[in-house]
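Engineer: give me the fold of what follows.
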Amino acid sequence: MRLKADTKDAQMKLLPSLAAGFAGAIALTALHEAARRLRPQDAPRMDVLGERGLRKILNLADLPQPSEGELYTATMLGDILSNGLYYTVVGSGKHSLRRGLLLGVTAGVGGVVLPGPMGLGEAPSNRTPQTQAMTVAWYTVGGLVAGAVSQALRQRRK
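Structural biologist: Sure, this is the predicted structure:
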C-alpha cells in the first residue's frame, strides 16, 4: 500500500513541475523569437545554435540533412523540449522562485559561454554586450516564469 501512496505522491509533484517547466520554456522561446524579429542586429540567435548542433549530430550519425524549414521546426521543438525538462528542476517546493532564478541565470551564462567551446560558434549568443545580456536575461525570465507557475500551482493545491 505504501508504494502506491509514494507513486501517487511522486505523480502529484511531477505534473506541476512539468507544467511549470514547459511554461518557462515557452516563455523563453517566445522572448527569443520576438527579440530576433524586433532587434535582428543584436538579439540572441539560439535558434542558429540549435540548428548548428542538430546538423552536427546528424553529420556524426551519417543521417540526411533536413531542409531549412524542417531544421527550424525540429530546432524549435527540441528547444522547448530540452528547456522544458531543464526548467522542470524548479520543482514544486516552496523555494521554486529562487530555484527558477538560479537555474535561469545558470542557463543564460551557459548560453553565452559554452557554444564556442562546443564548436557551435560564438556570435549567436555572444555577438555584442547587448546580445550577452539578453541571452542571460531571457533564460532568467524562463526560470522565473517556471518558478512563478510552480508557486501558483502549489498555492492552488493547498
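
Engineer: how about the contacts made by the residue nearest the centre of the chain?
Structural biologist: Using CA atoms, centre = their mean, the residue of the chain that lies closest to the mean C-alpha position is N83, 2.7 Å off. Residues near N83 by CB atoms under 8 Å, 6 or more residues apart in numbering: G21, G24, A25, L28, T29, A107, G142. C-beta: built from backbone N, CA, C; applies to glycine.

Engineer: helices - which of those land there?
Structural biologist: G21, G24, A25, L28, T29, A107, G142 (DSSP state H).

Engineer: list only buried entries from those.
Structural biologist: Buried subset of these (neighbour count, 16 or more other CB atoms under 10 Å): G21, G24, A25, L28, T29, A107, G142.

Engineer: quick check: the third one vs Y139, distance?
Structural biologist: Distance check for A25 against Y139: by CB to CB, to the nearest Å, it reads 10 Å.

Engineer: send me the helix or strand harbouring Y72 as CSV with only the CA atoms.
Structural biologist: Counting by DSSP states H and E, the element that carries Y72 is helix 68-87. This file holds the C-alpha atoms of helix 68-87, laid out as CSV (Å, rounded to 0.1, in the frame of the first residue of the first chain):
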residue,chain,number,x,y,z
GLU,A,68,15.8,24.7,-43.7
GLY,A,69,12.1,24.7,-42.7
GLU,A,70,12.3,21.2,-41.2
LEU,A,71,15.6,22.1,-39.4
TYR,A,72,14.0,25.2,-37.9
THR,A,73,10.9,23.3,-36.8
ALA,A,74,12.9,20.5,-35.3
THR,A,75,15.2,23.0,-33.5
MET,A,76,12.2,24.9,-32.0
LEU,A,77,10.6,21.7,-30.8
GLY,A,78,13.9,20.5,-29.4
ASP,A,79,14.5,23.8,-27.6
ILE,A,80,11.0,23.7,-26.0
LEU,A,81,11.5,20.0,-25.0
SER,A,82,15.0,20.4,-23.6
ASN,A,83,14.4,23.7,-21.9
GLY,A,84,11.1,22.5,-20.5
LEU,A,85,12.8,19.5,-19.0
TYR,A,86,15.6,21.7,-17.7
TYR,A,87,13.1,24.1,-16.0
